Each structure stands twice: as C-alpha cells, then as structure tokens.
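In: The sequence isn't on hand, but the structure is:
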C-alpha cells in the first residue's frame, strides 16, 4: 500500500533488520575465527565456519531429535492402544483408548511445533551464513 500511494518503494520504507542479523557482527565473528584458523598448519575454511556458527545449530538439532525420537516413536505406540481397544485383543477400556487417541493428536501437534521451530532457526542461520 505504501508503494502504491508513493508511486513506488524506496529504502526508507523497509523495516530494520534485527541487530543479530546485521552483516557486520556476523562477518567480524567469522573473520576472527578465520584468522585463528589461518595461523594453523593446515587451515580449512569449514573449520572456521563451524567454530563461528556451530553453536547456533545445537538448539534446532535438539528440537529435531526430540521430535523424531519422542513424538514419532510415541505416535504408533499410542495408536496401537487405540487399535487394540477396537480389536478387543487386550483388555483396554474406552477411557484408555480415548486418552491414547488424545496422545496421538498431542504428539502430532508437538512434532509440528518442534519441526517448524527448528526449520525457522535453521533458515535464519542460512541467511546469516550467506551474509
């Protein structure tokens, strides 16, 4: 709407980016680690990248592991309880089946929440690496 009213957009119409995403501190951090790496006998740029940005990948990795190892494993186990109730294989009550069905829904929602959060963090880190 601003561009329509003013016959186009200019630089002043853009939002300010987060101070964490500005390129100057990111480049300075990488430069510091690259200078340390160049002093070694066999310097590798990927080591400087890992030293500068590796710690930022721990939270999304933790979220993904939690989602895959907890939510994805619990879903079929809980679904098995629901199926057992309807097949009358084990002595499962209706209340247990309903709680298991709710657990399946909860695990699905939790997995989506964890996966989405991790994806956003990783995409932001990719943007920082491109800077």
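Out: Arrived safely, thanks for sending. Note that the structure is predicted; figures quoted are calculated from it, not measured.
In: Contact partners for the residue minimising distance to the centre of the chain?
Out: The centroid of the chain falls nearest to residue 118 when counting by Cα atoms, centre = their mean (0.7 Å). By Cβ atoms under 8 Å, 6 or more residues apart in numbering, the residues touching residue 118 are 59, 60, 61, 63, 64, 67. Bear in mind the C-beta positions are built from the backbone N, C-alpha and C, glycine included.
In: The fifth one touches residue 115, doesn't it?
Out: Yes: distance between residue 64 and residue 115: 7.0 Å, which falls inside the contact criterion (Cβ atoms under 8 Å).
In: Show me where this structure has its helices.
Out: Under the criterion DSSP state H, helices of the chain are mapped to 2-5, 23-38, 45-53, 58-66, 72-87, 94-130.
In: if we can go back for a sec, ok, now how distant is the residue nearest to the centre of the chain from residue 109?
Out: Between residue 118 and residue 109 the distance is 15 Å, computed by Cβ to Cβ, to the nearest Å.
In: For this protein, give me the ranges with low pLDDT.
Out: Residues of the chain meeting the criterion pLDDT under 70: none.
In: Give me the neighbour count for residue 104.
Out: By other Cβ atoms under 10 Å, the residues close to residue 104 number 17.
In: residues touching it, list them.
Out: Here residue 104 is in contact with 75, 78, 79, 82 (Cβ under 8 Å, 6+ apart).
In: Out of these, which is nearest to residue 125?
Out: residue 75 (28.4 Å; Cβ to Cβ).
In: Count the neighbours of residue 26 for me.
Out: 18.
In: got the contact list for it?
Out: Neighbouring residues of residue 26 by Cβ under 8 Å, 6+ apart: 128, 131.
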